[in-house]
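Trainee: Sequence first, then the predicted structure, then my questions.
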Amino acid sequence: CELVLARKLNDPAHYSKAQAIFAKIKAVMDQKRDIRAEITRDGLVDYYTGLGKALAGGEKYDEGARDAFRACFQYLPTSVSVLPMANVLALEARRFAAFPEGNEALLRLQPDINGLRNQAGSVWKSLRNPAEKERLREPWLMYSLALAQAWGRAGNANEMQSIVKDLASVGGFEQRMEPYLLEAMVRTELATAADPSAAAQEAAATKAQQTYGELLAKLPADEAWRERRAVALNNLAWMIAFRGGYAGSDATYQQAVQKLNEALKLAPDDYLINRNLAVVLRRLKKAPPVLAPVVEKCRAAVEKDKQWADDFEILKKYLEAK
């Protein structure tokens with residue numbers, strides 16, 4: 001009842017009440033062997049299913065919920081164990097999407113996390129029922145993406161790229177953009193992170209530039225993807241400009257300007273793209289262009305969206321500095 005109320009009323013308090021009930025049930029089972037002996041496999045499946053739902057209802061990842069759903073998977077035959085496995089993958093995806101530890105922690109966990117991914121992948125690929133296959137397909141993809149993100153943010157780009165390449169080779173995912181979008185996002189984070197080594201940071205920017213080039217080659221050109229193409233072009237331009245700063249190269253800056261102008265064809269009034277264009281133009285050493293039209297577009301964008309007001313003030317000071 002508490003689980004039903006938690007779902008229907010969207011009230012987390014009922015999950016806590018359900019957890020308390022399951023704790024009492026566990027205490028009785030631990031204390032009385034005769035009761036444990038009478039519990040059927042179906043009874044254990046019901047118990048662990050309910051426990052998993054109760055523990056998974058909180059805002060934070062709970063290992064107990066994962067273990068409960070794993071127990072369900074173990075007790076059920078493969079033909080009917082898809083939902084518990086999907087629940088395990090969903091919980092683990094939540095865990096690794098916000099994984100706070102670094103590369104060493106992931107390396108320690110690697111046998112387990114790879115084992116789960118391989119096991120779930122084998123189950124998914126072996127299913128013949130289309131509905132059951134679809135039920136496991138998305139959780140497996142989300143778990144894979146969460147792992148790739150965790151590896152990338154921990155600085156292990158090789159493990160991240162390995163997962164992205166694997167997803168590109170799996171039937172049914174060849175046309176999915178999520179892996180490429182994720183890799184571009186993480187490589188941008190790596191390229192723009194504070195790093196005492198200029199060479200390492202330039203190498204990261206170079207790799208991010210390459211990733212955005214590959215992403216743009218894959219992104220559809222239709223209207224539904226217009227915004228994403230504009231963002232990708234903007235980010236590609238910024239990686240090029242980033243490298244231009246290291247080299248002090250006007251030619252590289254001009255390449256960035258070209259990509260920003262391509263982005264503006266898709267989103268002419270976008271504040272960030274116009275702001276970035278103004279910054280890159282300001283850095284040109286030869287024949288500095290007139291910046292007023294670009295600055296006016298930034299000003300107009302700020303009038304429509306005040307969230308950029310402080311950034312616009314910083315931009316004006318930068319452009320006025322000698």
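Mentor: Alright, I've got the coordinates.

Trainee: what about the helices in the stretch 101-250 of the chain?
Mentor: In the stretch 101-250 of the chain, the segments counted as helices under DSSP state H, counting those that start in this stretch are 103-126, 130-153, 157-169, 178-192, 198-218, 226-247, 250-266.

Trainee: For those, give me a markdown table that also has distance to residue 286.
Mentor: Where C-beta positions appear, they are placed from N, C-alpha and C, glycine not excepted. Listed next are these as a markdown table, based on distance: least, C-beta to C-beta, whole Å:
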| stretch | distance to residue 286 |
| --- | --- |
| helix 103-126 | 43 |
| helix 130-153 | 38 |
| helix 157-169 | 36 |
| helix 178-192 | 26 |
| helix 198-218 | 23 |
| helix 226-247 | 13 |
| helix 250-266 | 6 |
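
Trainee: Does residue 267 touch residue 230 like I think?
Mentor: Yes - counting by C-beta atoms under 8 Å, residue 267 touches residue 230, with 4.1 Å between them.

Trainee: which neighbours do those two share?
Mentor: Counting by C-beta atoms under 8 Å, 6 or more residues apart in numbering, the common neighbours of residue 267 and residue 230 are residue 273.

Trainee: per-residue pLDDT, residue 195?
Mentor: Each residue has a pLDDT score; the one for residue 195 is 69.

Trainee: Where does the record place the domain boundaries for this protein?
Mentor: Following automatic domain parsing, one gets these domains for the chain: 1-76, 89-183, 204-210+226-322.

Trainee: among those domains, which gets the worst mean confidence?
Mentor: Across the domains of the chain, domain 1-76 gives the lowest mean pLDDT, at a mean of 65.

Trainee: So residue 121 sits against residue 143, correct?
Mentor: No - contact criterion C-beta under 8 Å: residue 121 and residue 143 do not qualify, at 9.6 Å.

Trainee: Nearest to residue 190 among the domains of the chain would be which one?
Mentor: Nearest of the domains of the chain to residue 190, taken as C-beta to C-beta: domain 204-210+226-322 at 4.7 Å.

Trainee: does the residue of the chain most remote from its centre belong to a helix or a strand, and which?
Mentor: For the chain, the residue at maximal distance from the C-alpha centroid (C-alpha atoms, centre = their mean) is residue 34, at 47.8 Å. Using DSSP states H and E, residue 34 maps to helix 33-38.

Trainee: before we move on, what about residue 311?
Mentor: With secondary structure defined by DSSP H and E, residue 311 is part of helix 309-320.

Trainee: Look up how far residue 298 lies from residue 177.
Mentor: 30 Å (C-beta to C-beta, to the nearest Å).

Trainee: between those two, which one's more packed in?
Mentor: More crowded of residue 177 and residue 298, by other C-beta atoms under 10 Å: residue 298, with 25 against 14.
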